[in-house]
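Enquirer: generate a structure from the sequence data that follows.
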Amino acid sequence: MQIEKKDIRALSKEQLRDFFITNNDKAFRGNQVYEWLWSKGAHSFEDMTNVSKETRQMLVENFVINHIKVDTMQRSSDGTVKNAVRLHDGLIVESVLIPTETRTTACVSSQVGCSLDCNFCATARLKRMRNLEPGEIYDQVLAIDRESKLYFNRPLSNIVFMGMGEPLMNYNNVIKAIDMITSNEGLGMSPKRITVSTSGVSKMIKKMADDEVKFKLAVSLHSAIEETRNRIMPFTKSFPLPELRESLEYWYHKTKSKITYEYVVWKGINDNKESVDALVKFCKHVPCKVNLIEYNPIDDGEFQQASIESINAYIKALDSNGIIAKVRHSRGKDIDAACGQLANKEG
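Expert: Take a look at the predicted model:
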């Protein structure tokens, strides 16, 4: 019976050092291999050119590197790049490079499919297959960093967890990936340049606050009226607005970090004065800003882009109440929609 080999990236640097000591080698080999795995993004043990053939063979016999592969890549006329990423078990997720004049943002996935049931989102129509491992999340970021350097001659500047899946339903792996992304032994990126977007999992928002995370928080709100919100995102019946509000107040109390609300305005759903007033009231509880996102329709169903007049009504009301609000126009319209809602996340 063949024993399934473990992904070597599941080991910490200390565990790698211990492995080499146990196998009558020097501990510093663990440091070398660790650097190859993370800083240099090695896809195979053969890539590790400063490690002896004998050592590489020992690694082959004991471990695998379950790296991702960019299966197909689409480039939009506006510069947006969408990657269909094939995982080691053949499953596919999406990641997106979103460029502006001054920055490059990676929109990455955290699950294959999604645990939730947002009616407007293409990903929600896919059954959740599994959580992504920390290395698979990290690999998406590394691939986009390389694409940014190749196509725009600059490194990746920002990361948003707004791709496939609910990040807080894969909390431990997302945190491990972010730890590696921000580590000097990984990409060395500032956590302030990373935003984790949740659909509103209240207890996990509190846990993040207790864990004293340094990255930013975004919440896909879409309505501050309970009945409307439940219609848009049925799972939110388990996370009612008073509970969400209390968790966000807790977050701000602990972190002093402003919250971003992601908010799509749909025709005939939340494009009325009652919805505008409810959002303004909700925003007053915690320091925040609002991204009003242009919608990419996924079919001819009930979710359709609202008029510019409706969006302007939101902007006017929020602005008059001292709440920062910006319209995020959809990106990559000439390629397949990606990341649930593919939007410009600058700012």
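
Enquirer: where's residue 171, which helix or strand?
Expert: helix 171-182 (DSSP states H and E).

Enquirer: this structure: helices as residue ranges?
Expert: 13-22, 28-37, 53-62, 134-152, 171-182, 202-210, 226-232, 241-255, 273-283, 308-320 (DSSP state H).

Enquirer: dump those helices to JSON lines, plus distance to residue 164, mean neighbour count and mean pLDDT.
Expert: All C-beta spots, glycine's among them, are computed from the backbone N, C-alpha and C. Formatted as JSON lines, the helices of the chain follow (distance: least, Cβ to Cβ, whole Å; neighbours: other Cβ atoms under 10 Å; pLDDT from 0 to 100):
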{"stretch": "helix 13-22", "distance to residue 164": "30", "mean neighbour count": "16", "mean pLDDT": "95"}
{"stretch": "helix 28-37", "distance to residue 164": "24", "mean neighbour count": "19", "mean pLDDT": "94"}
{"stretch": "helix 53-62", "distance to residue 164": "31", "mean neighbour count": "14", "mean pLDDT": "93"}
{"stretch": "helix 134-152", "distance to residue 164": "10", "mean neighbour count": "21", "mean pLDDT": "95"}
{"stretch": "helix 171-182", "distance to residue 164": "13", "mean neighbour count": "20", "mean pLDDT": "97"}
{"stretch": "helix 202-210", "distance to residue 164": "18", "mean neighbour count": "18", "mean pLDDT": "97"}
{"stretch": "helix 226-232", "distance to residue 164": "18", "mean neighbour count": "16", "mean pLDDT": "92"}
{"stretch": "helix 241-255", "distance to residue 164": "22", "mean neighbour count": "17", "mean pLDDT": "97"}
{"stretch": "helix 273-283", "distance to residue 164": "26", "mean neighbour count": "18", "mean pLDDT": "97"}
{"stretch": "helix 308-320", "distance to residue 164": "26", "mean neighbour count": "15", "mean pLDDT": "95"}
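
Enquirer: okay, those helices in JSON lines with distance to residue 328 next?
Expert: Formatted as JSON lines, the helices of the chain follow (distance: least, Cβ to Cβ, whole Å):
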{"stretch": "helix 13-22", "distance to residue 328": "39"}
{"stretch": "helix 28-37", "distance to residue 328": "35"}
{"stretch": "helix 53-62", "distance to residue 328": "45"}
{"stretch": "helix 134-152", "distance to residue 328": "19"}
{"stretch": "helix 171-182", "distance to residue 328": "23"}
{"stretch": "helix 202-210", "distance to residue 328": "22"}
{"stretch": "helix 226-232", "distance to residue 328": "18"}
{"stretch": "helix 241-255", "distance to residue 328": "20"}
{"stretch": "helix 273-283", "distance to residue 328": "16"}
{"stretch": "helix 308-320", "distance to residue 328": "11"}
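
Enquirer: if anything else comes up later, I'll come back, but that's it for now.
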